[in-house]
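K.L.:
generate coordinates for the sequence data below:
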Amino acid sequence: MPDNAVDAVQSFRFPVLVGDIGGTNARFALVVEPGSAPVSARRIRVADYQNPVEALDAVIPEFPVRPASAFFAIAGPVEGPCVPLTNAPWILDAAEIG
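P.N.:
Okay, here's the model as predicted:
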C-alpha cells in the first residue's frame, strides 16, 4: 500500500462507517479496525428517508458498536462540505452528519 494510503487509513478513528450513497439505494457497513473486512452491511432505499441524518439514525443502532468516523462514496459533485445527490433530494452536510 502506498504511504499516502496508509496515512489516510491511519487518520480515521475506528470503527469506521463506510457508505455508498446513490440516488436509489444507500449501502452502509462497519469496518471495526484497519485491514478488517466490513461487517453488518445494510442497504436502504434513499426514498424511504427524508434526509441522510434520518437514514443514519435508523441504520447506526443496528451495528454492534457505534462508529467513530465515517467515509462515504456519494453520487453527486463533491465541491465542499455539503454535497447534493444528483438523482435524489438529499444533501449530505458533513457538519450535520458529524
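K.L.:
my guess is Pro84 contacts Gly76. True?
P.N.:
Yes - the pair Pro84 and Gly76 qualifies as a contact (CB atoms under 8 Å) at a distance of 5.3 Å. The way it works is simple: take the backbone N, C-alpha and C, and place the C-beta from them, glycine included.
K.L.:
got any residues that touch both of the two?
P.N.:
Shared contacts of Pro84 and Gly76 (CB atoms under 8 Å, 6 or more residues apart in numbering): Leu92.
K.L.:
pick out whichever of the two has more residues nearby.
P.N.:
Neighbour tally, Pro84 and Gly76, criterion other CB atoms under 10 Å: the higher count belongs to Gly76, 18 against 14.
K.L.:
helix, strand or coil: sort out the more buried one for me.
P.N.:
Assigned with DSSP: H, G, I helix; E, B strand; the rest coil, Gly76 falls in the coil class.
K.L.:
that one against Pro52, yeah?
P.N.:
No - contact criterion CB under 8 Å: Gly76 and Pro52 do not qualify, at 11.3 Å.
K.L.:
from Glu79, how far off is the closest residue to Val39 other than its chain neighbours?
P.N.:
Spatial nearest neighbour of Val39, chain neighbours left out: Leu30 (5.4 Å); criterion: CB to CB, 6 or more residues apart in numbering. Distance, Leu30 to Glu79, using CB to CB, to the nearest Å: 28 Å.
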